[in-house]
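[1] Sequence first, predicted model second:
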Amino acid sequence: MFNQLVIAEAQGNAMIGNILVVSGAFLILILLLKKFAWGAITDLLKQREDKIANDLDSAEQSRQSAAKLEQERQQQLLASRSDAADILKTAKENGEASRQTILKDTKEEVSRLKEKAQNDILMERDAALTSVKDDVADLSLQIAAKILKKELTPESHESLINQYIEGLGSTNETR
């Protein structure tokens, strides 16, 4: 039993020795990690934190830019619609003005042609009356010469023609 007790005590001392060696090795490992690796690890974590913060800032800026671009696009669309409405309004006004000008020109042309036609009719009527007067005068002169068996003077001839034409005019007015 004594042996067992000595063995147990030796084992207990060995265990304590093992714990001390392992604890010392762990402390040395921690010190070595702190001296050589801890700065690199914290720098790496700091860089990652900064990258994530920058990515978040960039995403926010991109979202704001997209919102601003969308708003500008909406404003441009509204401006385009307004311009299109103005163009249509101007085109309608120009079309109406052209229509009015064409109607006015056409009415003036019709009026001018009507007046010309009336003038032509009056000229033809006057020419026809003059021709009829001449024919009637010649006929009257021949009849008068036969009746009177003599030649008429130009004054008596003109007087006879005028009397006949006045009679002819009053006959035409009664028709």
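    Cool, the structure landed. The structure presented is a predicted model; accordingly, all values stated were derived computationally and were not measured.
[2] does Met15 count as helix, strand or coil?
    Look at Met15: counting by DSSP: H, G, I helix; E, B strand; the rest coil, its state is helix.
[3] Could you check the pLDDT of it?
    If you check Met15, the pLDDT there is 81.
[4] try Arg175
    46.
[5] Could you pull up the contacting residues of the residue most central in space within the chain?
    Taking Cα atoms, centre = their mean, the centroid of the chain lies closest to Ala84, which sits 3.0 Å from it. Listed by Cβ atoms under 8 Å, 6 or more residues apart in numbering, Ala84 has no contact partners. No exception for glycine: its C-beta is placed from N, CA and C like everyone else's.
[6] can you tell me how far it sits from Leu27?
    Ala84 sits 81 Å away from Leu27, going by Cβ to Cβ, to the nearest Å.
[7] swap in Val132?
    Distance from Val132 to Leu27, by Cβ to Cβ: 151 Å.
[8] Equivalent analysis for Ile52, please.
    Separation of Ile52 from Leu27 (Cβ to Cβ) stands at 34 Å.
[9] got it, and Glu60?
    46 Å.
[10] same check, this time on Ala37
    Counting by Cβ to Cβ - Ala37 and Leu27 are separated by 15 Å.
[11] cool, and Lys133?
    Here Lys133 is placed at a distance of 153 Å from Leu27 (Cβ to Cβ).
[12] what do you get for Asn94?
    Asn94 is 96 Å from Leu27, by Cβ to Cβ.
[13] quick check: longest helix of the protein.
    Using DSSP state H, we find that the single longest helix of the chain is helix 39-148.
[14] Quick one: distance of that helix to the chain centre.
    Its chain's C-alpha centre and that of helix 39-148 lie 13 Å apart, by Cα atoms, centre = their mean, to the nearest Å.
[15] same check, this time on stretch 34-41
    69 Å.
[16] and it, how far apart are its ends?
    With Cα to Cα, to the nearest Å as the measure, stretch 34-41 spans 10 Å from end to end.
[17] buried set for that stretch?
    Neighbour counts over stretch 34-41 (16 or more other Cβ atoms under 10 Å) mark no residue as buried.
[18] Could you give the average pLDDT over that stretch?
    For stretch 34-41, the mean pLDDT works out to 84.
[19] what do you get for stretch 53-71?
    Per-region confidence: stretch 53-71 scores 93 on mean pLDDT.
[20] Check stretch 131-138 too.
    For stretch 131-138, the per-residue pLDDT averages 79.
[21] So for it, what gets flagged as buried?
    Applying a neighbour-count criterion of 16+ other Cβ under 10 Å, one finds Val136, Ala137 buried in stretch 131-138.
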